[in-house]
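*Asks:* starting from these lines, generate the structure:
(4 chains, ligands or ions: 4)
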Amino acid sequence: ACSSDAGTEAAGGGETAAADDGVITLGFSQVGAESGWRAANTKSIQDTLTAENGFDLKFSDAQQKQENQIQAIRSYITQGVDVIAFSPVVETGWDAVLQEAKAAGIPVILTDRAVDSSDETLYESFIGSDFVKEGEMAGEWVAEQYDGEGYKAVELQGTTGAAPAIDRKEGFASAIEGTDIELIDSQTGNFTRAEGKTVMEGFLNAHDDIDLVFAHNDDMGLGAIEAIEAAGLTPGEDIKIVTIDAVKDGMQALADGKINYIVECNPLLGPDLADIAKKVLAGEEVEKRIVVKDEAFDQAAAKEALPTREY
Amino acid sequence: MTTSAPAPGAAPTKPVARTARARKLPVRLDRRYLPVLGTFVVLALMLIVGGTRYDNFLTPAVISNLFINNAHLIVLAVGMTFVILTGGIDLSVGSVLALSTVITAALLQAGLPVPVVLPLAVGAGTVIGLAHGVMIHYFQVQPFVATLAGMFLARGLCFLIAPESIAIDDPSFVALASWVQIFGEWRMTSSVLIALIVVGLGFLVLHFTRFGRTVYAIGGGEQSALLMGLPVARTKVLAYVVSGTCAGLGGLLFAMFSRSGYSLTGVAMELDAIAAVVIGGTLLTGGTGFVLGSVLGVLVLGLIQTIITFEGTLSSWWTKIVIGVLLLIFVALQRVLSLRRT
Amino acid sequence: MRDVLRHHLFWPVAALVALLVANTVARPGFLAVTVRDGHLFGAPIDILRTTAPLLLVALGMTLVIATRGIDLSVGAVVAVSGAVALSHIASSPNPDSPVTVLTAIALALVLCLLLGVWNGFLVSVLGIQPIIATLILMTAGRGVAMLITGGMITTVNSAPFKVLGSGFWLGLPAAAVLAFGVFAVVAFVVRRTALGMLLEATGINPAASRLSGVRSRTLTWTVYAASGLFAGLAGLLISADTMAADANNAGLFIELDAILAVVIGGTALSGGKFNLSGTLVGALVIATLERTVTVLGISPLVTPLFMALVVIAVTLLQSPRMRERLTTARRRQVMAPAEPPSTARPDSTPDSTEVKA
Amino acid sequence: MTQQTTPPVVEMTGISVEFPPVKALDGVDFSLRPGEIHALMGENGAGKSTLIKALTGIHSPTAGTIRVDGVERRFSGPADARAHGVSTVYQEVNLCENLTVAENIMLGAEPRVLGGLNWRAIRRQAATHLERMGLDIDPSSSLGAHSLAVQQLVAICRATVGDCKVLILDEPTSSLDTDEVAHLFTVMRALRDDGVSILFVSHFLDQVYEVSDRMTVLRNGTLVGEFVTADLPASELVQHMIGRSMDVLEAAEEVLEQAERPADATPLLQVVGLGRKGSVQPFDLDLYEGEVVGLAGLLGSGRTELARLLTGADRADAGQARVSGVPTRLRNPRAAMRHRIAYTSEDRKGEGVVDGLTVRENIVLALQAERGWMRPLPRKQVDELVAKYIQQLGIRPADPEALLRNLSGGNQQKVLLARWLATAPKLLVLDEPTRGIDVGAKAEIQKLVAELAADGMSVVFISAELEEVLRISHRIAVLRDRRKVAEIDGDRASMDQVVELIAGGGAA
Ligand SMILES: Nc1ncnc2c1ncn2[C@@H]1O[C@H](COP(=O)(O)OP(=O)(O)OP(=O)(O)O)[C@@H](O)[C@H]1O
Ligand SMILES: Nc1ncnc2c1ncn2[C@@H]1O[C@H](COP(=O)(O)OP(=O)(O)OP(=O)(O)O)[C@@H](O)[C@H]1O
Ligand SMILES: [Mg+2]
Ligand SMILES: [Mg+2]
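*Replies:* Ligands and ions are numbered 1, 2, ... in the order given. The predicted model follows:
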């Protein structure tokens, strides 16, 4: 389209010069700093893409706003960086700006979250977890452990409309389908501890017979633990808890027996990103989709893993 | 001192007021323009400082992008200016913007043609604005609360219509969105054009129509406006309709900007719009301020964001702190400038 | 009967009762309170505890609004308070010692008081519009909180601190006792001294107040400082609730909830006459509303719609026009009383303009 | 009169308006004939403003009919009334200070070109209207920059724009000085001769006699009667209005004693070279205990500004002040209050009343502010104080819990006076304290001032009514062009002498 021509012109000068000096200028636009997971993710990227490793990292925080992110990417294009990487706030709406980047000859790498675009050539690679898979893994474990006992489960959803929330819900639901585990309630806890706690309190007021909580992230699970304890019940025993993320606090609670199972969502994307960025600039073929290996932990595994966890 | 012609048959009257004498001195800048001027001066300062600090900063591409990235906010700010001038506030604009993007995306996905979709999306904003106006004027609900309810309502509708984000690939919409005029290194997209037209219209309406002047009068004192026999009810309702419509249109621009509809778009964008209007020199108590000031306010916010990106090494928290500090510097300087000259 | 219907707290209280009834219908045991280990348990007790931080923030907000101001920064102050207190506890070798906890609390409260003083300075000395003055701290404050916690969620284990969140005093949740206690003390001080009247005078007509010798500037400054302090206290309760300092999400949007509580309680945002008992009811309504969403099992997709409808219903019923209809007595004025500007605001003291039966 | 036969333009019959429990109007009849100037008379709170508001649709009467030009109408509001030729200037100036003078005059009737406002024509037409009113001000200046008096005249200008059959002026003269009043009357007569009917409210009897053809008298919301001005002696009018005889009006002078001050007395407040750039030129003034000092001057001569410097409302940038011989800086109103100096502003609406508070709260506000918030006045003391002033000043309704915004203009003024009297000041600076106050109350206030002075209070008295200043003052300071030009002995001063000084004609 016409806009791409404009992009070329605008980007014009800076771009070729930068790659020659051996230092890779990488513009990274982060979603925000909304959770501990995100902080670990940011840290991983900032710690990996250092001057020693041959990178000049330009980092910007979009404060969870798509417009800020688009603005940052445009700015990277005009600044003439070598590679652009970002974790999109939303899946859709990137075509225009990615076309500008493409027209300017700047490769784009996605991390953590995908974009929903019909044109796959707009980005080089997507590094990140498979959220549906995470939900499935949690669901499968639950089905395996508790099928046949007539469990009643409640779900603490992530932010309404956000991709991880939608995908994890979907994955979990499909995995427990056909079992006698019944999902009796599902509310959003906005991925935060405080809301996880209040919503769980509400669940406990509303239902007498909750056996299991599936939380879309550790933080909400930790909030639920507080609520369960406040109601005089024992988390992990009276009510089983399954969460996703495996951040440090979550792992600790798992090791302490307050959570029963955690599916990991690995935030340490820095090394993969550095690797792919170098390859892309060297002209090598890279895979379109790089699924980060997500482990899962039960209580025993957590005790083992905890001392060596990086985040 | 010149005396006015006494009315025929009048007793030997003296000219009544001497107050105007000071006012009659030529070229004394109207005090009402001072805050806007202050904004302008500080904006210019920021540009200069940025230009000396970063490479590639003072380029047409960056300035063009400033407009391109903030076209939707400019439109929101114009609408918000109307409402704030009447002494009200509209907290719903962020959500209404989201609603409009979602409606646009959903309807286009359903295969409706662009000429049908666009008016519907903007119209949704108009209807919500009308509802606000009616609540505020006829039921005397405080603007803050009425529009807060509208904010929840619009957000709720977004979730109902589109729980997940929807990409827009309708060819005619994409064509419209990617229309661009290039003058050298300057770029003007369709959304910037629309935004500028809205600004122009906003200016004309405020300064060259009775409606516009009544908006100011209401801000100066609603009771007075009422006793002056001005159509307060109609004007107040209409101000919210304008704001709602602008939010709807802003949503359209945002849809063009992001080519998608997403229910969580524009969370807290109303604060940006309000901040822009206030930074642009409009008093929240109503009655004083200009559309052009609000545009400057948007540019200030956009420029702060640009500087953050150019800085390039700020962690998330420093970003927030720096935005706060820049805002503070800005407001304080503006305050000093406009105090000094009064 | 008509007097009851005309009371300024009628509709907020009615809304509260309606919500409780809806919950009881959906869940017959909802109002049941049980005693275990000498402590009270049950949904109503939960509601009291979740109301606590909101109540504190709304308390400060009411005072600020009385002076024609607004404080958008309370959410950020909540985050700062939690971050400071928990970082201090986490970094201390002995997190379970009461001394550590008390120092942490004192540190957090002093810092939040200073943040409030800062807001007050911008508003009362520099004359910056309150919404913008506090917007600065609203943005930067969260950054400061994140700076303190390093962007991570700081978690601690400290028994004395945990009392603030889930402990019990006198059989009731400690948080509720604290918040309602502070509220009662402040309300008592404001209404038993002349503070309330002077604040109202400042809010209604600053110029006239100044000429009457009211220290408007000091008062304005004070209410922002108080708002910061109360938000700091709320921040402690919120972080003790989960024993974690979440710089990003702690107190997110609490300013909107607080403002809503104030307005539902019948205090006009245009300043002047304020109504602390109304704020109390408003805060309870909001906390109950949130609980209702879960108890009724409303889908997250329509939660905002539900909230909107409740808010619209309450505010419309409270609106002068509706009151007029509902109390059936006809008002003889077609418009608001006209001589001095009684701009269109829901009158917080409607009794004088309303019709006696 | 020939008009007797023509049907009235406005005819109101059996009008009742209630603000429960107050019955503001009770079955009042009123008629306005074509081409007459009709005065509406009555005490503060008699219901004059309410009758006007009932006519223009701000209050809707609970009973009665209104006919305009023979057609029964209930206007929906000022806009509607205006569209039918009934223009009103309400008691408090109700204009928009944030707009220009021209806009305030033309708003709603602006000339347009091509669908847009024609600013040039707006300014030109506004200038014409201003000129007709004899106002020499820049139409494009901001209204807020002008004094209340100018604003009042602008409001009248506004009312005469467009097709105006009936012009209603609610106390238009209360903030004007003699010349302006004379001028306004010329304009009014000219309008009457053009066939406009004018309804006019004033508390100045001489003005009413000078300009009106007929009058309607209200008392306590009921009609006393309609009279032809020429046939009704002033004493009878007063009796109709207040239900008492005229004698009270003479009371002030009896009380006013000759202030015999010892030659070596220290002034209570002595200022030397006090001034402020852009406000008043440096001036000297001594104020003694037991003495009333009047300030005389034309509109805008700087009386208010002088008063504000004396009381710390504005900060002086030159000169010194001594209170009882001790050098002091009157930095702000609080500082002045500490020296028992009190100031009532002329701008009742903007700087006086706190309209959302009750009568009680308004009365104790200054006293309480002075004590600080921590020492609330005991409720019993407050009630006694409030009851005392309500009784002494005749504040109506006599309800301490009434919201101030629901009081009539004159009663609000009395509440303000009470606020300051409650602080037991040594120096009381009264800027237009009798504005908008009825004859009876005005006499009461004058008497009160005299009594206060007799009890040793020092009073500075500003009034647009020169007669009043002359009657009440021991000493008169004359201002012209924001400069104190003379100081004369109140007892020996004659009206002519002062007028000459004020106008700057005579050798001062
Ligand atoms: N909006 C209102 N609500 C309640 N009472 C009112 C209201 N407006 C006027 N009143 C009452 O109605 C009565 C008549 O008031 P009005 O203003 O008509 O008096 P007025 O004759 O104009 O007096 P003044 O000379 O002081 O202006 C007063 O007792 C006043 O307190
Ligand atoms: N900030 C200002 N800018 C321009 N003019 C001003 C300003 N402040 C006051 N004035 C004018 O200065 C003049 C002096 O006013 P002042 O009120 O002292 O006169 P006054 O003798 O008290 O007259 P009045 O009869 O109106 O009380 C007024 O006409 C007022 O309009
Ligand atoms: Mg009146
Ligand atoms: Mg004056």
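*Asks:* need the residues of the stretch 151-300 of chain C near chain A, please.
*Replies:* C:151-153, C:155, C:165-166, C:238, C:241-244, C:246, C:248-250, C:252, C:290-291, C:293-297, C:300 (C-beta under 8 Å from any C-beta of the partner chain). C-beta here means a position set from N, CA and C on the backbone, and glycine is covered the same way.
*Asks:* in helices only, show me these.
*Replies:* Applying DSSP state H to those, the entries found in helices are C:165, C:166, C:238, C:241, C:242, C:290, C:291, C:293, C:294, C:295.
*Asks:* who wins for most neighbours among the residues you listed?
*Replies:* residue C:238 (32 neighbours; other C-beta atoms under 10 Å in any protein chain shown).
*Asks:* just checking, that residue touches residue C:50?
*Replies:* No - with contact defined as C-beta atoms under 8 Å, residue C:238 does not count as touching residue C:50 (10.0 Å).
*Asks:* which stretches of chain C form strands?
*Replies:* C:34-36, C:39-41, C:154-155, C:168-169, C:172-173, C:244-245 (DSSP state E).
*Asks:* now the ones you listed as CSV including mean pLDDT?
*Replies:* As requested, the strands of chain C are arranged in CSV below (pLDDT from 0 to 100):
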stretch, mean pLDDT
strand C:34-36, 86
strand C:39-41, 86
strand C:154-155, 89
strand C:168-169, 90
strand C:172-173, 92
strand C:244-245, 90
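*Asks:* so of the ones you listed, which one's packed in deepest?
*Replies:* When you average the neighbours per residue for each of the strands of chain C (mean count of other C-beta atoms under 10 Å in any protein chain shown), strand C:244-245 leads with a mean of 29.
*Asks:* let me know the pLDDT of residue D:194.
*Replies:* With respect to pLDDT, residue D:194 has a value of 88.
*Asks:* give me the element residue D:459 is part of.
*Replies:* If you go by DSSP states H and E, residue D:459 is part of strand D:458-462.
*Asks:* try residue D:322
*Replies:* Per DSSP H and E: strand D:318-323 holds residue D:322.
*Asks:* stretch B:136-154 near chain A at all?
*Replies:* No - using C-beta under 8 Å from any C-beta, stretch B:136-154 stays clear of chain A, coming no nearer than 12.8 Å.
*Asks:* how about the CA coordinates for the helix or strand just after the strand holding residue D:459, as CSV?
*Replies:* Using DSSP H and E, the helix or strand that follows strand D:458-462 in sequence is helix D:466-472. What follows is helix D:466-472, C-alpha atoms only, in CSV (Å, rounded to 0.1, in the frame of the first residue of the first chain):
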residue,chain,number,x,y,z
LEU,D,466,-24.2,60.3,49.1
GLU,D,467,-27.0,61.5,51.3
GLU,D,468,-26.5,58.5,53.5
VAL,D,469,-22.8,59.1,53.7
LEU,D,470,-23.4,62.7,54.6
ARG,D,471,-26.0,61.9,57.2
ILE,D,472,-24.1,59.3,59.0
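*Asks:* which residue does the stretch 151-300 of chain C bring closest to ligand 2?
*Replies:* Closest approach of the stretch 151-300 of chain C to ligand 2 (C-beta to the nearest ligand atom) occurs at residue C:207, with a separation of 13.6 Å.
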